[in-house]
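*Asks:* sequence unknown, structure follows:
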């Protein structure tokens, strides 16, 4: 019987890597069965433990570090050399001003909560990305290169996946690609010790790496759907004999999980969700016909189709193929000062357009109340402008943004000092941001996950910002 199993695995891997997905689904079902028998392993796996109203979440991750004082926490009274070179403009909520280059967003602050006192001590990209996506501190990370591995703590999407029953759509998706460059994909971008079955599905691999995207449901170009179905028939024939030798319930369950695996490969729901061609030209223009607007539009389509957590990793691919984390606005970059980088299409204009379109569409469709929209980066920027008229890394203070999912709009939590350098009131940690997402999705922060050595790990050590919830 073993040689037949090995033959089936080889068939599944020839030109169709994702056909091994049924094995992942069976493993997940076994985990959920165990969780039901021993509640401490996974409270909240099949039911809402927190009373959170959100069914799904879109995280817009501004990789590089967005400048708080040039976007959401304008300090017009700060000294020259510290205050923003941009003007502040009023919004629909009196007392909340934002950057002049976010006029569309200014119409939606009644839906938004700004957290102006997010803080942590790291000024390096790698550990800050890891902490803001996993809620953990990893002292072993290599700087400036740290390849993700199975010792990592699982990231936000992977934790959500572990508490979500399998379905036609994946629980978590990363678009347009995970954070990575120069041969490595960053730690904090996949499931770590939870294993490959909970890796977020990646539409594409990180640029400048040799990795393949995790759990891609796209067929390779040389494999047509007719060939997929033919291969399915061959698998049916080869497994027919095996099934006669396996009468126990666990073996009989193979068929249902194989069916689910194929459904994720050929499902019209999945295909439609990933195809922006179903959107009107007017809608695509509204979001912006660039990678950023299209990623935000795709995220909306994915959560409408049942995906629970979509992470948008914001980056810029230069003409030569190099990856640039453009919110890291030290300057100079492609002939622009640090401040002028923010005015380029790959920063504020695209964020303003895409985020505003998302909030408007979610409200009009009635989905805003059950969809949490979150936005932050790995850190903020220095109070003082540098010689290139940009700002450098600054973990001590940044602003995060929440909307929908039960968030009370028109809210500001916490404050920074005169220069937006340090929290003045209500300091908030990255763990608190993640705990807020988990709480909103019905996952108790104190819930436990188990690593391969059967050691328990609390989902997150942070405190949900329940004061933001209506």
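*Replies:* Cool, got the structure. Predicted model, so just to flag it, every value in this text is computed and none were measured.

*Asks:* quick one: low-confidence parts of the protein?
*Replies:* 1-48, 216-266 (pLDDT under 70).

*Asks:* ok, residue 209 - contacts?
*Replies:* 180, 181, 183, 184, 185 (C-beta atoms under 8 Å, 6 or more residues apart in numbering). Glycine gets a C-beta too; all of them are placed from N, C-alpha and C.

*Asks:* again but with residue 355, I slipped
*Replies:* Contact partners of residue 355, counting by C-beta under 8 Å, 6+ apart, are 60, 105, 108, 296, 373, 375.

*Asks:* ok so it is a helix residue?
*Replies:* Yes: applying DSSP: H, G, I helix; E, B strand; the rest coil, one finds residue 355 inside a helix.

*Asks:* look up phi and psi at the residue nearest to residue 411 when sequence neighbours are not counted.
*Replies:* Leaving aside its chain neighbours, residue 411 sits nearest to residue 113 (4.1 Å; criterion: C-beta to C-beta, 6 or more residues apart in numbering). Backbone dihedrals for residue 113, given as degrees, to the nearest 10, come out at phi -110, psi 130.

*Asks:* tally of neighbours for residue 113?
*Replies:* 22 (other C-beta atoms under 10 Å).

*Asks:* my guess is it meets residue 405, correct?
*Replies:* No: counting by C-beta atoms under 8 Å, residue 113 does not reach residue 405; the two are 10.4 Å apart.

*Asks:* so the closest residue in space to residue 451 that isn't next to it in sequence, which of the three states?
*Replies:* Spatial nearest neighbour of residue 451, chain neighbours left out: residue 193 (4.2 Å); criterion: C-beta to C-beta, 6+ apart. Under three-state DSSP, residue 193 falls in the helix class.

*Asks:* over to residue 126?
*Replies:* helix.

*Asks:* I figured it hits residue 146, correct?
*Replies:* Yes: using C-beta under 8 Å, residue 126 is in contact with residue 146, at 4.9 Å.

*Asks:* overlap in contacts, the two.
*Replies:* In contact with both residue 126 and residue 146: 186, 187, using C-beta under 8 Å, 6+ apart.

*Asks:* can you give me the strands in the stretch 1-150 of the chain?
*Replies:* 56-61, 88-90, 97-99, 112-118 (DSSP state E, counting those that start in this stretch).

*Asks:* would JSON lines of these with distance to residue 458 be doable?
*Replies:* Formatted as JSON lines, the strands of the stretch 1-150 of the chain follow (distance: least, C-beta to C-beta, whole Å):
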{"stretch": "strand 56-61", "distance to residue 458": "20"}
{"stretch": "strand 88-90", "distance to residue 458": "40"}
{"stretch": "strand 97-99", "distance to residue 458": "36"}
{"stretch": "strand 112-118", "distance to residue 458": "21"}
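
*Asks:* figure out which of those is closest to residue 438.
*Replies:* strand 56-61 (9.4 Å; C-beta to C-beta).

*Asks:* give the partner strands of the closest one in its sheet and their orientations.
*Replies:* Strand pairing for strand 56-61, using DSSP bridges, gives strand 309-313 (parallel), strand 371-376 (parallel).

*Asks:* so which elements touch the helix or strand following the shortest one?
*Replies:* Think strand 309-313. Using DSSP states H and E, the helix or strand that follows strand 309-313 in sequence is strand 316-317. In terms of contacts (3 or more C-beta pairs under 8 Å, 6 or more residues apart in numbering; DSSP states H and E), strand 316-317 is packed against strand 323-324.

*Asks:* contact partners of the helix or strand following the strand it packs on?
*Replies:* Under the assignment DSSP H and E, the closest C-terminal helix or strand after strand 323-324 is helix 338-343. With C-beta under 8 Å, 6+ apart as the test, helix 338-343 has contacts from 67, 70, 85-86, 101, 326, 329-333, 347-349, 385-386, 388-391.

*Asks:* select only the buried ones of those residues in ChimeraX?
*Replies:* Typed into ChimeraX, the line below selects the buried ones among the contacts of helix 338-343, using 16 or more other C-beta atoms under 10 Å:
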select :67,70,86,101,326,329,330,331,333,347,348,349,385,386,388,389,390,391
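
*Asks:* please name the bridge partners of the residue nearest to the spatial centre of the chain.
*Replies:* For the chain, the residue sitting closest to the mean C-alpha position, by C-alpha atoms, centre = their mean, is residue 311 at 2.0 Å. Beta-bridge partners recorded for residue 311 (DSSP bridges): residue 59, residue 174.

*Asks:* contact partners for it?
*Replies:* 59, 61, 155, 156, 157, 172, 173, 174, 175, 200.

*Asks:* the helices in this protein, which residues?
*Replies:* With helices called from DSSP state H, the chain shows them at 2-13, 21-37, 125-134, 156-162, 225-244, 249-252, 254-266, 268-274, 281-287, 291-304, 338-343, 348-365, 430-440.

*Asks:* distance check, the residue nearest to residue 411 against residue 375.
*Replies:* Residue 113 sits 11 Å away from residue 375, taking C-beta to C-beta, to the nearest Å as the criterion.

*Asks:* now do the shared contacts for these two.
*Replies:* Residues touching both residue 113 and residue 375 (C-beta under 8 Å, 6+ apart) are 401, 402.

*Asks:* contacts only, for residue 434.
*Replies:* 132, 134, 135, 156, 460, 462.

*Asks:* hang on, the earlier thing: and the residue nearest to residue 411, what does it touch?
*Replies:* Contact partners of residue 113, counting by C-beta under 8 Å, 6+ apart, are 401, 402, 403, 407, 408, 409, 411, 412, 413, 468.

*Asks:* with residue 302 instead?
*Replies:* So, once contact is read as C-beta under 8 Å, 6+ apart, residue 302 ends up touching 169, 173, 175, 273, 274, 310.

*Asks:* how about stretch 314-326: buried residues?
*Replies:* Neighbour counts over stretch 314-326 (16+ other C-beta under 10 Å) mark 314, 315, 316, 317, 323, 324, 325, 326 as buried.

*Asks:* distance to residue 417 added to the residues you listed, as JSON lines?
*Replies:* Shown next, in JSON lines, are the buried residues of stretch 314-326 (distance: C-beta to C-beta, whole Å):
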{"residue": "314", "distance to residue 417": "27"}
{"residue": "315", "distance to residue 417": "31"}
{"residue": "316", "distance to residue 417": "31"}
{"residue": "317", "distance to residue 417": "37"}
{"residue": "323", "distance to residue 417": "34"}
{"residue": "324", "distance to residue 417": "31"}
{"residue": "325", "distance to residue 417": "26"}
{"residue": "326", "distance to residue 417": "27"}
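
*Asks:* quick one, which of the contacts of residue 113 are buried?
*Replies:* Those of the contacts of residue 113 that meet the buried threshold are 401, 402, 403, 407, 409, 411, 412, 413, 468, by 16+ other C-beta under 10 Å.

*Asks:* of those residues, which belong to strands?
*Replies:* Within these, residues falling in strands by DSSP state E are 401, 402, 403, 411, 412, 413.
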